[in-house]
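Visitor: Sharing a model prediction with you, sequence too.
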Amino acid sequence: MNPFKSRSEKVKSPFAEFIRNAKVDEKKRVYTAVLVEASKRQNEIMVVA
């Protein structure tokens, strides 16, 4: 098995399509929003713990 060989089949999911097709600004906006929400949830967990 060659780890450098690309797959012949492409994954078809909304996330995969976004990663392939989104512009840099769109990705940055989404990643920033995801990180902000993840940080909020982590902080909530730390307060409870």
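Guide: Here it is on my side, so go on. This is a predicted model, so every value here is computed, not measured.

Visitor: now for the longest helix along the chain, which elements pack on it?
Guide: Here the longest helix in the chain is taken by residue count, with DSSP state H as the criterion, and it is helix 24-48. Judged by 3 or more C-beta pairs under 8 Å, 6 or more residues apart in numbering; DSSP states H and E, helix 24-48 is in contact with helix 14-21. (Glycine included, C-beta is placed from N, CA and C.)

Visitor: can you rerun that using 7 Å?
Guide: Under the contact definition 3 or more C-beta pairs under 7 Å, 6 or more residues apart in numbering; DSSP states H and E, helix 24-48 sits against no other helix or strand.

Visitor: next one: the helix or strand of the chain with the lowest mean pLDDT to chain centre, how far?
Guide: Among the helices and strands of the chain, helix 14-21 carries the lowest confidence by mean pLDDT, DSSP states H and E, at a mean of 92. How far helix 14-21 lies from its chain's middle: 9 Å, per C-alpha atoms, centre = their mean, to the nearest Å.

Visitor: tell me the angle of it relative to helix 24-48?
Guide: Compare the direction of helix 14-21 with that of helix 24-48 by axes from the mean of the first three to the mean of the last three C-alpha atoms, to 10 degrees and you get 140 degrees.

Visitor: so where's the chain shaky on pLDDT?
Guide: Low-confidence segments of the chain (pLDDT under 70): 1-3, 5-8.

Visitor: Spatially central residue for it, please.
Guide: Taking C-alpha atoms, centre = their mean as the criterion, residue 31 is the residue nearest the geometric centre of the chain, at 6.6 Å.

Visitor: how much space is there between residue 37 and residue 44?
Guide: To residue 44, residue 37 is 11 Å away according to C-beta to C-beta, to the nearest Å.

Visitor: again with residue 11
Guide: 32 Å.

Visitor: cool, residue 19 as well?
Guide: Here the criterion is C-beta to C-beta. By it, residue 19 lies 28 Å from residue 44.
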